[in-house]
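Asks: Just to be clear, the model below is a prediction. Sequence and coordinates:
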Amino acid sequence: MDIRFPAPLQPGDAIAVTAFSSGVHPRLHGRLDDALNELRARGYRVAEGECLRDEKHDASAPAAARLAELKRFMFDPEIRAILPPWGGERAIELLPGLDFAALADLPPKWLAGFSDVSTLTAPLTLQAGWATLHGPNLMDLPLKEWAFGHEALLATLEAGTPPEQSQHGHYWHWSEPGRRFPNRTRLLGGGAGKMEGRLIGGCLDVLVALQGTPYFDLDAFKAEPAILYLENCELAPCGVLRALMGLRLSGALDGLAGLVLGRSGGPDAADGDALGYEGALRAALDGLPYRVAVDADIGHVPPQWSLLNGAWATLEVFGEGEARLVQRAAR
């Protein structure tokens with residue numbers, strides 16, 4: 001599959017900010033302004049959309065308005081990147097209105113974020129051949145104390161590919177913001193190992209809804225070795241089991257070079273008699289003929305890596321729980 005990579009951003013370039021899923025409630029406008037000012041301080045021009053500073057019925061605006069604004073920014077040659085503030089719930093409504101064939105004929109531009117942003121980034125890579133970025137959202141930039149991985153996000157936009165990224169030593173959880181927890185990426189089943197292939201993936205919660213549609217058809221992408229990465233936002237263990245089994249039954253997990261799962265943001269088993277997260281993974285994934293890495297720095301439990309959909313990646317997981325991710329455009 002032909003993947004085209006956006007040009008690195010340079011001072012003076014225009015970045016569009018639009019909320020094609022959830023908008024920003026007025027009580028958080030100060031944090032949004034801090035994020036926009038950080039972009040301006042790096043020399044970028046910010047084009048603020050009208051679908052941004054409001055939130056009603058779990059969206060920034062009606063679907064038609066969100067779609068029209070997103071298309072305007074996508075087809076505007078002056079816009080070099082589109083950064084939504086964050087994800088949400090309703091990006092899926094926009095997919096039927098996007099002309100991916102027409103976008104495939106345009107120079108690619110950056111689209112970056114995670115969570116519901118995956119509803120658009122993965123299809124853009126698979127359908128239009130645009131390399132897209134899964135990493136911290138725009139609204140995460142002011143949260144320096146959380147060490148989300150902003151450096152890799154901004155470095156990627158400005159260099160064109162992510163820098164080499166290693167396992168962070170600790171992670172933080174929203175439920176206990178004052179605590180740090182030891183961070184250990186590992187292989188399901190133990191040991192150490194390496195996987196190589198082109199990256200594709202995003203948030204499990206939203207991508208599982210696209211299985212069986214053209215928007216998450218991995219067949220052409222698997223013409224080369226492919227690494228699928230997924231991260232769970234809020235699914236409980238049985239939900240994780242159903243989602244992964246659904247992908248496995250659909251054939252989405254066939255023929256991969258590797259599978260990478262981020263730290264789970266969902267609840268674990270309530271007691272010892274219920275299915276736990278680890279048990280759900282083993283029930284769904286045991287017997288796959290390739291390595292499965294779990295608890296990687298991806299998704300809703302910070303910090304997180306920046307992963308470039310369409311990039312050729314090498315992920316090494318070492319026996320002591322450390323990991324290293326290298327991404328480049330060419331194989």
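Replies: Thanks, I have it. Numbers count the residues shown, from 1 in each chain.

Asks: pLDDT below threshold where in the protein?
Replies: Across the chain, the ranges flagged by pLDDT under 70 are 145-147.

Asks: what's the longest strand in it?
Replies: When the chain is parsed with DSSP state E, its longest strand is strand 193-203.

Asks: ok, now how distant is the most centrally placed residue in the chain from G279?
Replies: With distances taken as CA atoms, centre = their mean, H134 lies nearest the centre of the chain, 3.1 Å away. Separation of H134 from G279 (CB to CB, to the nearest Å) stands at 27 Å. (Each C-beta comes from the backbone N, C-alpha and C, glycine too.)

Asks: And E320, by the same measure?
Replies: Remark: distance between E320 and G279 (CB to CB) = 24 Å.

Asks: Neighbour count: those two, which is higher?
Replies: With neighbours defined as other CB atoms under 10 Å, E320 and G279 compare such that G279 has more, 15 against 9.

Asks: In three-state terms, label that one for me.
Replies: Recorded secondary structure, G279: helix (DSSP: H, G, I helix; E, B strand; the rest coil).

Asks: and if you look at the one 10 residues further on?
Replies: Classification of P289 by three-state DSSP places it in coil.

Asks: Same question for A112.
Replies: Assignment for A112 (three-state DSSP): strand.

Asks: just the helices in the chain please.
Replies: Assigned by DSSP state H, the chain shows helices spanning 29-41, 63-75, 100-104, 118-123, 150-159, 204-207, 237-250, 277-285.

Asks: would you turn those helices into TSV with distance to V301?
Replies: Output for the helices of the chain, formatted as TSV (distance: least, CB to CB, whole Å):
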stretch	distance to V301
helix 29-41	20
helix 63-75	28
helix 100-104	31
helix 118-123	16
helix 150-159	16
helix 204-207	13
helix 237-250	14
helix 277-285	12
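
Asks: E93: which of those is closest?
Replies: helix 63-75 (4.2 Å; CB to CB).

Asks: Now the closest one: buried residues?
Replies: Within helix 63-75, the residues scored as buried using 16 or more other CB atoms under 10 Å are A63, R66, L67, A68, E69, L70, K71, F73, M74.

Asks: Wait, the fifth one touches G49, no?
Replies: Read that as E69. Yes - assessed by CB atoms under 8 Å, E69 is found in contact with G49 at 4.9 Å.

Asks: what residues do these two have in common as contacts?
Replies: T18 (CB atoms under 8 Å, 6 or more residues apart in numbering).

Asks: looking at the helices of the chain, which is buried most?
Replies: Ranked by mean neighbour count, the helices of the chain are led by helix 118-123 with a mean of 26 (mean count of other CB atoms under 10 Å).

Asks: The stretch 201-331 of the chain: strands as residue ranges?
Replies: For the stretch 201-331 of the chain, the strands defined by DSSP state E, counting those that start in this stretch occupy 226-231, 258-262, 292-296, 307-309, 312-317, 323-328.

Asks: what's the closest of the helices of the chain to A226?
Replies: Among the helices of the chain, the nearest to A226 by CB to CB is helix 118-123 (12.2 Å).

Asks: residues in contact with stretch 181-190?
Replies: 167-173, 193, 281-282, 285, 291-297, 317, 321-323.

Asks: circling back: out of the helices of the chain, the one nearest W86 is which?
Replies: Smallest distance to W86 across those (CB to CB): 9.9 Å, for helix 29-41.

Asks: what sits up against the closest one?
Replies: With CB under 8 Å, 6+ apart, helix 29-41 has contacts from 15, 17, 24, 46, 48, 52-53, 83, 85, 138-139, 141-142.

Asks: Throw those into a markdown table and include distance to V301, thanks.
Replies: Shown next, in a markdown table, are the contacts of helix 29-41 (distance: CB to CB, whole Å):
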| residue | distance to V301 |
| --- | --- |
| I15 | 27 |
| V17 | 25 |
| V24 | 22 |
| V46 | 29 |
| E48 | 29 |
| L52 | 26 |
| R53 | 28 |
| L83 | 21 |
| P85 | 19 |
| L138 | 19 |
| M139 | 16 |
| L141 | 18 |
| P142 | 19 |
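
Asks: Can you tell me which of these are buried?
Replies: For the contacts of helix 29-41, a burial check counting by 16+ other CB under 10 Å picks out I15, V17, V24, L52, R53, L83, P85, L138, M139, L141, P142.

Asks: which one of the helices of the chain lies closest to I3?
Replies: helix 100-104 (11.1 Å).

Asks: Any chance you could give me the closest one in PDB, C-alpha atoms only?
Replies: Extracted C-alpha coordinates of helix 100-104, given in PDB (Å, rounded to 0.1, in the frame of the first residue of the first chain):
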ATOM      1  CA  PHE A 100     -11.300   9.500   0.700                       C
ATOM      2  CA  ALA A 101     -10.600   9.000  -3.000                       C
ATOM      3  CA  ALA A 102     -10.400  12.800  -3.500                       C
ATOM      4  CA  LEU A 103      -8.200  13.100  -0.400                       C
ATOM      5  CA  ALA A 104      -5.900  10.500  -1.800                       C
END
